[in-house]
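S.K.: Compute the structure for the input listed below.
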Amino acid sequence: MKKLVLFTFVALFSLPMLSHAQEVSAWKTLSKVTFKKEMDEFMGMEIEKPVYMQSVLDLSGEEITIKGYIIPLKGKKAQSHFMLSAYPYNMCFFCGAAGPETVMQVFTKDKKEVEFSSKPITIKGKLSLNHGDVNELMYTLTNAEVVVE
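M.R.: Model prediction:
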């Protein structure tokens with residue numbers, strides 16, 4: 001009986017940690033990218049293009065669940081297109097404190113608006129990789145939905 005109680009206790013308190021580990025591992029996997037410099041004839045200068053590791057390539061076109069912070073595009077209001085960052089706004093890529101692999105562009109399913117929050121949210125959607133358009137982010141999540149925790 002003691003073993004059953006102990007097992008149940010450990011299982012119940014491990015579930016939130018497993019969920020957190022899965023969310024952390026999504027950003028950790030997406031960070032497995034290097035960059036190579038290439039001359040971009042259109043822009044007339046050298047640019048850095050991402051070189052994704054196989055574990056990242058394997059996620060392309062797949063539905064992923066990821067936790068992050070909303071970086072709003074149109075003020076701090078509800079929107080269906082926004083950026084998601086692995087880090088809070090003051091530490092995100094756009095503030096110079098992280099790399100481009102720590103943010104993604106998000107388009108929600110059916111253009112459903114998501115309320116802005118400074119707290120992290122969990123979303124799921126289909127991941128797309130950008131292989132070289134310097135005017136776009138490296139990652140895009142489409143058909144995204146907020147996961148209620």
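S.K.: Report the contact partners of A78.
M.R.: E113, V114, E115, F116 (C-beta atoms under 8 Å, 6 or more residues apart in numbering). (Glycine included, C-beta is placed from N, CA and C.)
S.K.: Just among those residues, which is most surrounded?
M.R.: V114 (20 neighbours; other C-beta atoms under 10 Å).
S.K.: ok, what's across the strand from that residue?
M.R.: Using DSSP bridges, the bridge partners assigned to V114 are Q79.
S.K.: cool, and the one 10 residues further on?
M.R.: K124 has these beta-bridge partners by DSSP bridges: T65, E145.
S.K.: any low-confidence regions in the protein?
M.R.: 1-24, 94, 149 (pLDDT under 70).
S.K.: Surely E63 touches K124?
M.R.: Yes: taking contacts as C-beta atoms under 8 Å, E63 lies within contact range of K124: 5.9 Å.
S.K.: from the contacts of A78, which is closest to Q105?
M.R.: Of all these, V114 has the smallest distance to Q105: 13.4 Å, by C-beta to C-beta.
S.K.: I figured that closest one hits G68, correct?
M.R.: No: checked against C-beta under 8 Å, the pair V114 and G68 is beyond contact range at 11.9 Å.
S.K.: Could you tell me which residues touch both of the two?
M.R.: With C-beta under 8 Å, 6+ apart as the test, V114 and G68 both reach I121, I123.
S.K.: E63 and K124: which is more packed in?
M.R.: K124 (16 against 13).
S.K.: give me every residue that touches the more buried one.
M.R.: Residues near K124 by C-beta under 8 Å, 6+ apart: E63, I64, T65, I66, A144, E145, V147.
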